[in-house]
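>>> Sharing a model prediction with you, sequence too.
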Protein chains: 6
Amino acid sequence: MKILVANPNSSEICTDVIKKSACRKVTDPNTELVFLTNPKGTKNIDCGFADYQSVWSFIRAILKKVDEIHPDAVVLAGFGNVGVFALKEALDIPVLSISETTQTLACLMGHKYTVLTMLKQFIPYQEDLVRLYRLQDKCASVRGINMNVERACSEREETLNQLKEEILKIVEEDGAEVVVLGCAGLCGYDEELQALVGLPVLDPVTVTVKVAEMYVQTGLCHSKKRKFAAPPQPLEDYFWDGNGSGK
Amino acid sequence: MKILVANPNSSEICTDVIKKSACRKVTDPNTELVFLTNPKGTKNIDCGFADYQSVWSFIRAILKKVDEIHPDAVVLAGFGNVGVFALKEALDIPVLSISETTQTLACLMGHKYTVLTMLKQFIPYQEDLVRLYRLQDKCASVRGINMNVERACSEREETLNQLKEEILKIVEEDGAEVVVLGCAGLCGYDEELQALVGLPVLDPVTVTVKVAEMYVQTGLCHSKKRKFAAPPQPLEDYFWDGNGSGK
Amino acid sequence: MKILVANPNSSEICTDVIKKSACRKVTDPNTELVFLTNPKGTKNIDCGFADYQSVWSFIRAILKKVDEIHPDAVVLAGFGNVGVFALKEALDIPVLSISETTQTLACLMGHKYTVLTMLKQFIPYQEDLVRLYRLQDKCASVRGINMNVERACSEREETLNQLKEEILKIVEEDGAEVVVLGCAGLCGYDEELQALVGLPVLDPVTVTVKVAEMYVQTGLCHSKKRKFAAPPQPLEDYFWDGNGSGK
Amino acid sequence: MKILVANPNSSEICTDVIKKSACRKVTDPNTELVFLTNPKGTKNIDCGFADYQSVWSFIRAILKKVDEIHPDAVVLAGFGNVGVFALKEALDIPVLSISETTQTLACLMGHKYTVLTMLKQFIPYQEDLVRLYRLQDKCASVRGINMNVERACSEREETLNQLKEEILKIVEEDGAEVVVLGCAGLCGYDEELQALVGLPVLDPVTVTVKVAEMYVQTGLCHSKKRKFAAPPQPLEDYFWDGNGSGK
Amino acid sequence: MKILVANPNSSEICTDVIKKSACRKVTDPNTELVFLTNPKGTKNIDCGFADYQSVWSFIRAILKKVDEIHPDAVVLAGFGNVGVFALKEALDIPVLSISETTQTLACLMGHKYTVLTMLKQFIPYQEDLVRLYRLQDKCASVRGINMNVERACSEREETLNQLKEEILKIVEEDGAEVVVLGCAGLCGYDEELQALVGLPVLDPVTVTVKVAEMYVQTGLCHSKKRKFAAPPQPLEDYFWDGNGSGK
Amino acid sequence: MKILVANPNSSEICTDVIKKSACRKVTDPNTELVFLTNPKGTKNIDCGFADYQSVWSFIRAILKKVDEIHPDAVVLAGFGNVGVFALKEALDIPVLSISETTQTLACLMGHKYTVLTMLKQFIPYQEDLVRLYRLQDKCASVRGINMNVERACSEREETLNQLKEEILKIVEEDGAEVVVLGCAGLCGYDEELQALVGLPVLDPVTVTVKVAEMYVQTGLCHSKKRKFAAPPQPLEDYFWDGNGSGK
């Protein structure tokens, strides 16, 4: 089985972090992970504006890669909208975004879960996504630590401390008992944090790759009727660039 | 006052329809409407896939035009997401989408309203938008007539009949009493339909241009704190094309 | 165009405050504002009891005035229920209450808005109204400053300080970024406050008069089917006083 | 124990119907029922307009009667808003409206209940009340039979047939299994209907008088903190008539 | 009239507490209360696990007792699920649980109510019940004082103080004004607490026994169509013990 | 890895059906499935009454088996409550019910899903479960075909036809595009049905066993803080039988 794991931004450093999280729990010897970095993506998807400016090319890059390597499933490794519904329309193989999939799984693990993201400014955007997935009754809160991604990568000790403190508030103030790490920059922090706080802390890339593997083994896919029916026009016709179309 | 009315798709015919609806009710002699067609937009935005493939360039075209003509407000004349939240982040002048604005106004006019769109396949997408605006308790239903846009333009008589029949069901079955025309292709049908069915039928372009005018006269704008704060990075940095950035 | 702006209570001082806010942004030289004070209204509408004791005569006074001056729209300038649905039933010209209209408009301006009222005792009443308008998913909170209206009028400096402090809590604790002033006594504070806090602060009278103007220019009105259909009996028959009827 | 049962409209015929339903199940030999007809009420409360035109005087009549006879509880025998929250503010004895009380009790009797009213035009008004009581998740539907009250009184056979047919739809189409008769005109139909359809059919007057009796025996009353705190001004000050006040 | 008041756990001390609360307000000289302790119940129902391990035998004990004494109604005197829906299926006399009934009644007494339980660990379980009853829009919060039941019984002074402090938070932080004591161990604290805090404090056993009495006097019962229809198989067939069946 | 797949009822025929569905998609050569039939379970869990009469012994049988074989996860193979929250409290290995797990997964596959069960009488029970999982915004409907389980097993052709017809209604009337088979008796119908209707049709046993496998491979488990914390008393103390305790 081949799973395409696609990073919506153009940062290779970010793709490397995703790689580590993606591989950690794969057990099927037949599972091959192929990684893709969005060449025209923005450095970081940190607002709704960034989502639109990165995802158009992300979708095109994915479709091109799918034509080349014929994967069995696609994992969208950005914790945002990142075009998950658009790609479910375009493809008839499983498409799983780390944001939608991990939050859906988290529903099974507790009374309520919390999404822990970086910038506080990003909270309303993430709250909109929760409602788009219709999980607002299971999501206790979206919280941010207002630390930038670079620092989160370099100063591990302090980041852990800040995350831990925020997670304790989640339990005391929000009534949640499961944590979803809502940012690729936080990937790989799950196990240390889980040990510190005694709650499930989900690395969204790790979880989603495993769900993708399970989808393929089971033969699951999203419905192609109604919401995710193929776009009414041929796909290439949507790639109009003012002169002519083409991927 | 200058209002930029922007069509997210690349069809000039569609821009012409929008023009007619936009001008109809403008009363302030100082209101100047400037129209923009998205040169790289798809022919028609008829699914979530189309939205992503058209809106990235739509946003760039609008920002460029805003730099040139310094409008007082922007109207997004596509009945979909069309990047309304992304543009509210990017701009500190009023940004009003015909979908969000007309549905919000419709709340004032009845117990419940209905969105009348074309393709039935488009209904779940429109239902997601209703929830994004958090108006699901005022929206009785989204209904489609499954007629294509071209035919809607050419066979007026039959289109009117089909719309009328669907609207009667809205009242009888859905408990609604206000109709929002959810498609640029239906612009200009409002008055005839309203006469036929005896309910308010809202042309979203007409209504939204008037709200934009009112916003400017009153000095209203969306909040620039939290959800619509400016993107964390300089705007140009989001226009990365793999080599370098630029509008 | 003639707009009747009606104060549901009997305080002329209050009508004067309303007048100032109503006129500030009117731009159409053809717009004439006519003001009405409810002669039999209570001094202040500060609870559900007051609403019922003032609104019956308010409705009668408005209907009488409408018969006399034939306005194009009616603005109900009290931040409460003030009979808005009853008057939409009775009239087939636009009826816009400052409470319903301003909160509906605020939906367009941010992720969530907050209503800032005076007495804390009034909060559940205002929360009921939010649900009546079905806007509870857009309203982050209703907050009160527990200062009486007289003092709010006389001690401007301290009122501003208290309002400012409460608004900062709205952002930090409630996740809102738009403020609706929920009391006629707070009219005219909007611009100073907006400068202090950097958020949109809406004067409900100013906003609603402009929406009324826009309604008339566009030809909008509430639906007269179902919810706002004319009362089943002749209007005068509802004005029974135990002996005979009459306005 | 003395219970004041108050009819918000001015029809003595209606008060007679209420009387019959009120007395049917009273078992405590110490329970005395006192009836009041609102002398200035409209003939029938059949819309939001009627509610406001009847309730102001209804409230005054009740307060006057309460001062005279010192009842232990008040039952508001009109299936509408009829000022229930306003009277809970004004009084510190139990105030129970037949609409709020019966629907609340119905929650205990099934998965979902339905309100059966007369005019279809009245449905949105009743739906608003359901939401005001916050029972929308227990109320499957509000349905009307579009028969006028007079005919319902005179043509019993046909009324029963129409009610029965509508109730069957409630089970099949709405997923409800409890019926609340939502109109004083339907009082007294409960037992025959219940026998016909095999579902609980609640006469709201009968049920509410019994709840009032139980309240008094148990020493229950609504909270006088927050929502139903006494109005901020002395009650008489709200009875301003333009010259001076007075009950 | 005979009312069976059944304690789901096996503690006779607890049954004694229930007895006191049950009798306090009964006024009808014809009302006879019969008490039952679940012989195979756990000592205390303090989690979902305990509910399942106690309720199977609770149901059997009740059915047996019902066959013996033919009561007119059954009160389930445990503040949890305690099989209320299962028993409504099995019986066609009124079945009222103290948790569902008291919370439903509390809806009538204020804007919002709060459930006050003992262990904080029990809060999510109680929140699930609130949603099962579909009262989540009326329930402001579930709060716990984390004191064990034994101590609550022995150290009355301190328990009262802790309860009082928690109730003040309910008003200030949660916006509630009615308290439901959510634990049999707190029965009998209602009047003292009510005097201390000035809010209605409901003893669930007292309230529910009175509602049961009222049900019987009025002839009310839950619907036996749909949700509470009799189980599809004969009742005894559900009492399979691996060899043969029997009560 | 060892997964315990437990049938809450006492029918070995049913366990055989479960076995077939459970094994179909297991791919990991290290996955060992162990099956358990509840010796004291009722023949069929077809109402809330049956749930309580079967689950107490189901829980005990599972705990005993867990002590014996030390599985890595437990699958509860009954499409009902079947004590899923109680067992999550008692165990610190993954506990996955086929009802909760399959419905949660279905969220990812379409706009809305439908649960297809057998008896119509069972619908309100299933609707309660949907709300318990807080998935009511993703569940379009619960539908029943009113065929008994035996006949469903023997008359395959007709069952398929009836299921197909019901599923077409799901798409047309309910706006759903994913089907969850809500009954063990329907296990094994998924692939034929999926081919007939062109929508994903989920066999809940197959899906849940695969999720369990994925959980174990990934190291996931439900949170043991708050909702699923271990019961406050030692587990054996809950197994009181009136004389002494014991598994």
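Good, I have the coordinates.
>>> Quick one: the strands in chain A, in order.
Counting by DSSP state E, chain A has strands at residues A:2-7, A:32-37, A:73-76, A:95-97, A:113-117, A:139-144, A:178-181, A:201-202.
>>> Let's have these in TSV, adding mean neighbour count and distance to A:Phe239.
(Glycine included, C-beta is placed from N, CA and C.) As requested, these are exported to TSV (neighbours: other C-beta atoms under 10 Å in any protein chain shown; distance: least, C-beta to C-beta, whole Å):
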stretch	mean neighbour count	distance to A:Phe239
strand A:2-7	24	18
strand A:32-37	18	18
strand A:73-76	27	18
strand A:95-97	28	19
strand A:113-117	27	32
strand A:139-144	21	34
strand A:178-181	28	34
strand A:201-202	25	35
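>>> Could you check how far A:Lys169 is from A:Arg151?
Per C-beta to C-beta, to the nearest Å, A:Lys169 is found 21 Å from A:Arg151.
>>> Could you do A:Ala90 as well?
For A:Ala90, the distance to A:Arg151 equals 37 Å [C-beta to C-beta].
>>> out of the strands of chain A, which comes closest to chain C?
Closest to chain C of the strands of chain A, according to C-beta to the nearest C-beta: strand A:139-144, at 9.4 Å.
>>> worst-scoring helix or strand of chain A, pLDDT-wise?
helix A:149-154 (a mean of 74; mean pLDDT, DSSP states H and E).
>>> Could you break chain A into its assigned domains?
A:2-98+A:206-234, A:100-203 (automatic domain parsing).
>>> what about the shortest one and chain C, any contact?
Yes - under the criterion of C-beta under 8 Å from any C-beta of the partner chain, chain C is reached by domain A:100-203 at A:123-124, A:127-128.
>>> Do that domain and chain D come into contact?
No - for a cut-off given as C-beta under 8 Å from any C-beta, domain A:100-203 has no contacts with chain D; the smallest distance is 12.1 Å.
>>> Now the terminal residues of that domain, how far apart.
From its first residue to its last, domain A:100-203 covers 13 Å (C-alpha to C-alpha, to the nearest Å).
>>> can you check the longest one too?
The straight-line separation of the ends of domain A:2-98+A:206-234 (C-alpha to C-alpha) is 26 Å.
>>> Also stretch A:175-184?
Start-to-end span of stretch A:175-184 (C-alpha to C-alpha) is 25 Å.
>>> For it, what is the distance to the chain centroid?
Here the centre of stretch A:175-184 is set off from its chain's centre by 13 Å, with C-alpha atoms, centre = their mean, to the nearest Å.
>>> can you pull the contacts of the spatially closest residue to A:Glu12 that is not a sequence neighbour?
Across the structure, with C-beta to C-beta, 6 or more residues apart in numbering or on different chains as the measure, the residue nearest A:Glu12 apart from its sequence neighbours is A:Thr37 (5.7 Å). With contacts taken as C-beta atoms under 8 Å, 6 or more residues apart in numbering or on different chains, A:Thr37 has the following neighbours: A:7, A:9-12, A:14-15.
>>> can you rerun that using 10 Å?
When contacts are counted by C-beta atoms under 10 Å, 6 or more residues apart in numbering or on different chains, A:Thr37 is found next to A:6-16, A:18, A:58, A:61, A:77.
>>> before we move on, the earlier item: mean pLDDT for the strands of chain A - can I get that in CSV?
Putting the strands of chain A into CSV (pLDDT from 0 to 100) gives the following:
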stretch, mean pLDDT
strand A:2-7, 98
strand A:32-37, 98
strand A:73-76, 98
strand A:95-97, 98
strand A:113-117, 97
strand A:139-144, 97
strand A:178-181, 98
strand A:201-202, 98
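>>> Out of the ones you listed, which gets nearest to C:Ser54?
Ranking those by distance to C:Ser54, with C-beta to C-beta as the measure, places strand A:139-144 first at 41.1 Å.
>>> Summarise which helices and strands the closest one is packed against.
Applying 3 or more C-beta pairs under 10 Å, 6 or more residues apart in numbering or on different chains; DSSP states H and E, we find strand A:139-144 packed against strand A:113-117, helix A:123-132, helix A:156-169, strand A:178-181.
>>> Next, the angle helix A:123-132 makes with that strand.
Using axes from the mean of the first three to the mean of the last three C-alpha atoms, to 10 degrees, the direction of strand A:139-144 lies 150 degrees away from that of helix A:123-132.
>>> Parallel or antiparallel, which strands does strand A:139-144 pair with?
Strand A:139-144 has the following strand partners under DSSP bridges: strand A:113-117 (parallel).
>>> wait, what's in contact with whichever residue of chain A sits closest to chain C?
Among the residues of chain A, A:Pro124 lies closest to chain C, at 4.1 Å counting by C-beta to the nearest C-beta. Shown here is A:Pro124, whose contacts under the criterion C-beta under 10 Å, 6+ apart are A:48, A:142, B:85, B:226-229, C:110-112, C:175, C:177.
>>> on that earlier part again, and the contacts of A:Thr37, which of them are in helices?
Secondary structure assignment by DSSP state H places A:12-16, A:18, A:58, A:61 of those in helices.
>>> Quick one: buried ones out of these?
By neighbour count, with 16 or more other C-beta atoms under 10 Å in any protein chain shown, those hold A:14-15, A:18, A:58, A:61 as buried.
>>> buried stuff in stretch A:223-232?
Using 16+ other C-beta under 10 Å, the residues of stretch A:223-232 that count as buried are A:223-229, A:231-232.
>>> Can I get those residues in TSV including distance to chain C?
Shown next, in TSV, are those (distance: C-beta to the nearest C-beta, whole Å):
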residue	distance to chain C
A:Ser223	27
A:Lys224	31
A:Lys225	29
A:Arg226	25
A:Lys227	22
A:Phe228	26
A:Ala229	29
A:Pro231	29
A:Pro232	30
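>>> which residues touch the residue nearest to A:Leu76 when sequence neighbours are not counted?
The spatial neighbour of A:Leu76 that comes closest, neighbours along the chain excluded (C-beta to C-beta, 6+ apart), is A:Ser97 at 4.1 Å. For A:Ser97, the contact set (C-beta under 10 Å, 6+ apart) comprises A:6, A:8, A:74-85, A:87-88, A:103, A:129, A:133, A:204, A:208, F:108.
>>> mind redoing it with 7 Å?
By C-beta atoms under 7 Å, 6 or more residues apart in numbering or on different chains, A:Ser97 lies in contact with A:76, A:82, A:84.
>>> for A:Phe228, same thing?
Contacts for A:Phe228 (C-beta under 7 Å, 6+ apart) come out as A:88-89, A:222, F:110.
>>> just to revisit the earlier point, I'd like the distance between the residue nearest to A:Leu76 and A:Lys227.
The value you get for A:Ser97 to A:Lys227, if C-beta to C-beta is used, is 15 Å.
>>> Next: A:Val26.
Computed as C-beta to C-beta, the A:Val26 to A:Lys227 distance reads 30 Å.
>>> mind checking pLDDT for A:Gly244?
According to the prediction, A:Gly244 has pLDDT 57.
>>> And for the one 3 residues further on?
A:Lys247 carries a pLDDT value of 40.
>>> looking at it, A:Gly188 is touching A:Lys19, isn't it?
No - under the criterion of C-beta atoms under 7 Å, A:Gly188 lies out of contact with A:Lys19, with a separation of 10.6 Å.
>>> What's the local residue count around the closest residue in space to A:Tyr125 that isn't next to it in sequence?
Counting by C-beta to C-beta, 6+ apart, A:Gly48 is the residue found nearest to A:Tyr125 once chain neighbours are left out, at 5.6 Å. Under the neighbour criterion other C-beta atoms under 10 Å in any protein chain shown, A:Gly48 is assigned a count of 26.
>>> what number of residues lie near A:Glu236?
For A:Glu236, the number of neighbouring residues by other C-beta under 10 Å comes to 12.
>>> Pretty sure A:Val171 sits against A:Glu177.
Yes - in this structure, A:Val171 sits in contact with A:Glu177. The criterion is C-beta under 7 Å, and the distance is 6.4 Å.
>>> contacting residues for the residue nearest to A:Glu32 when sequence neighbours are not counted?
Taking C-beta to C-beta, 6+ apart, and ignoring the residues beside it in sequence, A:Glu32 has A:Lys2 as its nearest neighbour in space, at 4.8 Å. Listed by C-beta under 7 Å, 6+ apart, the contact set of A:Lys2 reads A:32, A:34, A:69, A:71-72.
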